[in-house]
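Student: this one's sequence-less:
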């Protein structure tokens, strides 16, 4: 079942990363399905912690990036999504290579969403598993006026 309520494609997603932490960490959206989104991130000097392993915070950035972006494409244009809570279990150390994160929804509600993000290595072994809780909010203009932001600018 397709969950996306907005036009979504890999080129558009990767363009939105310009001048952000996502670009700085070289996160690239890599795959899109009817109910999931994937991205890759290198494991190298700028994603390492001082012991030369993948920094847990970098894994959490990848997880929150995937879940938050996916959540925003699952709501109508009069709404937006922001993270409420994230947890992560780091289960495998990595010193080099590439990790791939895959976000899939657990719950897509009217006011909250819950996303599962698994991060794996090149051999499909679990590196980190994360759960992200999202708040679904209405744009202020949409609260007082039922027209969407795009309708307001086109008139």
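Tutor: Thanks, I have it. Bear in mind that the values here come from a model prediction, so they are computed numbers and not experimental data.

Student: could you say what helices and strands the helix or strand harbouring residue 113 packs with?
Tutor: Residue 113 is part of strand 112-120 when elements are defined by DSSP states H and E. Packing contacts for strand 112-120, counted by 3 or more CB pairs under 8 Å, 6 or more residues apart in numbering; DSSP states H and E, involve helix 56-72, strand 97-108, strand 126-138. In this view, the C-beta of every residue, glycine as well, is placed from N, C-alpha and C.

Student: got the angle between the last one and strand 112-120?
Tutor: Yep, that's strand 126-138 we're talking about. 160 degrees (axes from the mean of the first three to the mean of the last three CA atoms, to 10 degrees).

Student: Flag every buried residue along strand 126-138.
Tutor: Residues of strand 126-138 classed as buried by neighbour count (16 or more other CB atoms under 10 Å): 127, 128, 129, 130, 131, 132, 133, 134, 136.

Student: How about the shortest one?
Tutor: Under the neighbour-count criterion of 16+ other CB under 10 Å, strand 97-108 has 98, 99, 100, 101, 102, 103, 104, 105, 108 buried.

Student: I'd like to know how far the third one sits from residue 63.
Tutor: Between residue 100 and residue 63 the distance is 12 Å, computed by CB to CB, to the nearest Å.
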